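>>> My questions are about this predicted structure, shown below with the sequence.
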Amino acid sequence: MPGENFLKKAEKIKNIKKFEKVFFDAVNKNKNIVLYSDSDPDGACCAVILKEALELLGRKPKKVYFPDREKEGYGLNFRAIEKLKKYAPGLLIVTDCGTTSVQEVELAKKYGFEVAIIDHHVVFSKTPRAIFINLHQKGDKFYFKELCAAGLVYVIVKYLFLKNKISFSPESFLELAMLATIADRVPLVSLNKEIVEQGIEALKITKRPALKVLKNKTKLRQYTLDKINYKIVHVLGAGYNERNINKTYKFLIERNDEKLNKMSDELTHSLQVKYYEIQRIVDEVEERLKVKGINEFIFEGSHDWQLFYLGPAASRLIEKYKVPVFLYHILKDVKEAVGAVRSTDKIDSVKAMQNCKKYLLLYGGHPKASGFRIKIENLSDFYYCLLNYIKKNK
């Protein structure tokens with residue numbers, strides 16, 4: 001999408017001009033800018049792209065924050081806003097989450113934040129009163145809807161720079177958008193295909209120290225999708241949160257080779273632990289299934305299963321059993337559970353949970369990959385509600 005043609009297409013994104021206005025207002029007036037992003041590779045890449053875009057404009061974010069999914073919940077949440085209110089007034093840019101954060105946005109605005117949301121998850125009837133960018137929302141006219149969040153952030157940043165005639169070298173952002181696109185498993189067609197193809201070329205000549213170190217460590221020589229996914233994306237996917245900073249984000253922005261070598265080793269070790277824990281969860285679920293069988297879908301949980309591993313474990317189970325999978329981690333101290341969902345083509349997991357929302361504290365995501373938070377006392381009712389929905393809609 002070169003030049004003027006790109007700008008004409010990007011202008012079809014609903015609220016992009018409003019975002020342009022508040023973004024440059026915050027930059028030019030030296031307002032506090034807080035970046036808030038989800039804690040996966042897609043979210044980490046969103047934060048890196050925006051951080052480095054700001055640095056190209058001579059600014060730095062006042063704070064970069066990744067929510068703890070287990071302690072705080074998915075997405076923008078009240079606990080996080082209470083921590084961040086000291087940075088208000090300012091601009092709060094929320095990426096790869098926020099679509100369902102209606103009340104949370106109101107609290108952030110009460111404290112003095114202008115709020116902008118850039119997300120790609122399922123949109124419900126009620127949306128936050130923010131500068132809301134989501135290609136699935138009513139009134140959005142962008143030609144392609146299936147971008148991951150970092151892909152969307154890349155398009156927006158490119159638009160901001162080209163529209164305002166600011167020198168823009170896309171390679172370092174393209175490689176991040178490409179990695180996030182592969183990690184988030186969005187359809188590799190149309191614009192996603194372009195991002196991946198161009199991003200792979202950018203990765204071959206990357207100047208980003210973190211990726212140079214990782215390519216060397218993993219001996220990446222063939223730049224195929226499978227090799228990049230296995231040797232790069234999987235390692236980046238092992239970066240967990242520590243004190244509300246994501247380790248993948250820290251790795252990608254680091255410039256010191258000695259630190260990068262150590263961080264790369266830590267990520268590789270975390271990946272091995274992740275593989276072990278995923279298999280342990282799958283084995284435990286399968287032992288339970290031998291006793292109870294499968295009644296339309298898999299619904300299992302434990303206090304001993306960390307949320308970080310539940311999505312990949314659910315993916316393995318759905319691949320084998322071909323039924324929706326709901327796995328959850330029990331948080332005994334707050335008497336709640338947080339879960340990950342993987343579903344089939346026939347059952348939209350978000351619609352299923354929307355049908356059962358009276359039992360849930362939070363839910364959202366994509367039709368085939370989503371998450372939820374629930375009070376432990378409601379787990380049984382939630383199960384039977386899901387069972388009825390799945391029986392009716394399979």
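Yep, it's here. Numbers count the residues shown, from 1 in each chain.

>>> Give me the contact list for stretch 123-132.
14-15, 18-19, 22, 94, 98-102, 104-106, 109, 114-117, 134, 136-138, 354 (C-beta atoms under 8 Å, 6 or more residues apart in numbering). Quick note: C-beta positions are derived from backbone N, CA and C, even for glycine.

>>> Of these, which qualify as buried by neighbour count?
Among these, those classed as buried by 16 or more other C-beta atoms under 10 Å are 14-15, 19, 22, 94, 98-101, 104-105, 109, 114-117, 134, 354.

>>> Helices along the stretch 101-250 of the chain, start to end?
Assigned by DSSP state H, counting those that start in this stretch, the stretch 101-250 of the chain shows helices spanning 102-110, 149-163, 171-183, 190-204, 209-218, 225-228, 234-236, 247-253.

>>> Out of the ones you listed, which one sits most buried?
Mean neighbour count (mean count of other C-beta atoms under 10 Å) peaks for helix 171-183 among these, with a mean of 25.

>>> mind checking the longest helix of the chain?
As assigned by DSSP state H, the longest helix anywhere in the chain is helix 257-292.

>>> and the angle for that helix with helix 209-218?
70 degrees (axes from the mean of the first three to the mean of the last three C-alpha atoms, to 10 degrees).

>>> Could you point out the helix or strand that follows helix 257-292?
strand 298-302 (DSSP states H and E).

>>> the inter-axis angle of the next helix or strand after that next one versus helix 257-292?
As assigned by DSSP H and E, the chain's next helix or strand after strand 298-302 is helix 307-321. Going by the same axes, to 10 degrees, helix 307-321 is angled at 50 degrees with respect to helix 257-292.

>>> returning to what we had before: which one, of the helices of the stretch 101-250 of the chain, ends up nearest to residue 361?
Minimum separation from residue 361 across these (C-beta to C-beta) falls at helix 102-110, 11.9 Å.

>>> just checking, what packs against the closest one?
In terms of contacts (3 or more C-beta pairs under 8 Å, 6 or more residues apart in numbering; DSSP states H and E), helix 102-110 is packed against helix 78-84, strand 113-119.

>>> Kindly reformat these as TSV and extend each row with distance to residue 285 and mean pLDDT.
What follows is these, written out as TSV (distance: least, C-beta to C-beta, whole Å; pLDDT from 0 to 100):
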stretch	distance to residue 285	mean pLDDT
helix 78-84	30	96
strand 113-119	30	98
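
>>> How is residue 344 assigned, secondary-structure-wise?
The three-state label given to residue 344 by DSSP: H, G, I helix; E, B strand; the rest coil is coil.

>>> Contact partners for it?
With C-beta under 8 Å, 6+ apart, residue 344 has these contacts: 318, 322-324, 368.

>>> One more: residue 214?
Per C-beta under 8 Å, 6+ apart, neighbours of residue 214: 220, 231-232, 235, 264.

>>> try residue 26
Taking C-beta under 8 Å, 6+ apart as the test, what residue 26 contacts is 32-33, 90-91, 114.

>>> again, only using 10 Å
Listed by C-beta atoms under 10 Å, 6 or more residues apart in numbering, the contact set of residue 26 reads 32-33, 54, 59, 90-93, 114, 116.

>>> Okay then, goodbye and thanks.
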